[in-house]
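any chance you can model this:
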Amino acid sequence: MTVISWIILGLLAGAIAKFLLPGRDPGGLIGTTLIGIVGASLGGWISARWLDHPISKDFYDGATWAAAIGGSLVLLVTYRLLFGNSRD
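The predicted structure follows:
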């Protein structure tokens with residue numbers, strides 16, 4: 001995938017993760033994109049490391065999207081556990 005594909009994947013995966021886990025999170029367009037990109041990397045690493053299922057580099061692969069959204073959800077949950085009360 002190209003850099004633009006990673007940015008688009010990150011934006012969409014971060015937006016889907018925020019939709020599935022609503023609440024007060026760091027955000028805006030850039031924050032959502034960064035959460036998605038880092039989440040996609042984290043999800044791909046978790047999938048390859050512990051699930052023994054390496055992720056394809058194809059933009060339209062369902063496993064790539066599932067790993068990106070799952071990694072973004074893990075990132076959001078971790079953020080809320082660490083800094084949940086600081087945004088009240």
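
tell me, what's the model's pLDDT at residue 11?
Per-residue pLDDT puts residue 11 at 84.

so it is in which element?
helix 3-20 (DSSP states H and E).

contact partners of the helix or strand following that helix?
Proceeding C-terminally, helix 3-20 gives way to helix 28-49 as the next helix or strand, assigned by DSSP H and E. If you take CB atoms under 8 Å, 6 or more residues apart in numbering as the criterion, helix 28-49 is touched by 6-7, 9-15, 17-18, 25-26, 53-55, 63-64, 66-76. All C-beta atoms are positioned from the backbone trio N, CA, C, and that covers glycine.

quick check: buried residues in helix 28-49?
Residues 32-44, 46-47 are the ones in helix 28-49 that count as buried (16 or more other CB atoms under 10 Å).

pLDDT weak spots in the protein?
Within the chain, the stretches with pLDDT under 70 are 1, 25-27, 53-59, 84-88.

circling back to that earlier point, how far does the helix holding residue 11 sit from the chain's center?
7 Å (CA atoms, centre = their mean, to the nearest Å).

please apply the same query to stretch 73-83.
Offset of stretch 73-83 from its chain centre (CA atoms, centre = their mean): 11 Å.

mind listing what's buried in it?
Buried, per 16+ other CB under 10 Å, within stretch 73-83: 73, 75, 76.
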